[in-house]
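Asks: structure for this input, please:
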Amino acid sequence: MRTKTLAATIIMLLLSIGAAYGHVTVQPKESAGGSVEKYTMRVPTEKFVPTVRVEVEFPPSLEVTSFESKPEWNIENKTDSSGKLIGVTLTGSIPTGESTAFNFSARNPRAGTKLSFKVIQIYQDGTKSEWTGPAGSRTPAPVVDVK
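Replies: Just a heads-up that it's a prediction; the model follows:
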């Protein structure tokens, strides 16, 4: 009986760890207002098929100045009518159980705020994970707190 309880506890722990690390994140989680920051967006593949496309919409108050190229990934910039970078579409492959980090530089807004990134992750089978929800939801958007 004790072995079954221990096994069940371990399985639940592993499942909760997988869920905690299965979301797209942006680091650092906190940054200074008005500063230029190097951000890292980590995209894990939590399904049994590879991630093949990632669509990112930057927060309107963030001024993204560059997005680093990555071998074997195509990066398509999305700009508004004034030429401001408002998002990117990344096309490549992240195998099942692995993650990839994408780096970009941006100038934070001067005033304190929460920057919420909308990210849509598309898998090889055509399914999507939309990381656009509020904190605490099953599909939270990555958020950076600008102080």
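Asks: so how far is the helix or strand hosting S93 off the chain centroid?
Replies: Of the helices and strands defined by DSSP states H and E, S93 is found in strand 85-94. The chain centroid and the centroid of strand 85-94 are separated by 11 Å under C-alpha atoms, centre = their mean, to the nearest Å.
Asks: helices and strands around whatever helix or strand comes next after that strand, which ones?
Replies: For strand 85-94, the following helix or strand on the C-terminal side (DSSP H and E) is strand 99-107. Counting contacts by 3 or more C-beta pairs under 8 Å, 6 or more residues apart in numbering; DSSP states H and E, strand 99-107 packs against strand 36-44, strand 63-67, strand 85-94. In this view, the C-beta of every residue, glycine as well, is placed from N, C-alpha and C.
Asks: so which of the ones you listed gets nearest W73?
Replies: Across the helices and strands packed on strand 99-107, W73 has its closest neighbour in strand 85-94 (3.7 Å, C-beta to C-beta).
Asks: quick check, pLDDT for the nearest residue to S66 once chain neighbours are set aside.
Replies: Nearest residue to S66, sequence neighbours excluded (C-beta to C-beta, 6 or more residues apart in numbering): S105, at 4.9 Å. If you check S105, the pLDDT there is 98.
Asks: show me what S105 bridges to in the sheet.
Replies: Beta-bridge partners recorded for S105 (DSSP bridges): K38, S66.
Asks: what sits against the residue most central in space within the chain?
Replies: Among the residues of the chain, the one closest to the centroid is V24, at 3.1 Å (C-alpha atoms, centre = their mean). By C-beta atoms under 8 Å, 6 or more residues apart in numbering, the residues touching V24 are 41-44, 54, 117, 119, 121, 131, 142.
Asks: what do you get if the cut-off is 10 Å, keeping everything else the same?
Replies: Neighbour list for V24: 41-44, 51, 54, 56, 99, 102, 117, 119-121, 129, 131, 139-142 [criterion: C-beta atoms under 10 Å, 6 or more residues apart in numbering].
Asks: likewise R110?
Replies: 32-35, 61, 146.
Asks: so which of the residues you listed is the closest to N74?
Replies: S61 (27.4 Å).
Asks: phi, psi of the closest residue to the closest one other than its chain neighbours?
Replies: Leaving aside its sequence neighbours, S61 sits nearest to P109 (C-beta to C-beta, 6+ apart; 4.1 Å). Phi and psi for P109, reported as degrees, to the nearest 10, are phi -60, psi 150.
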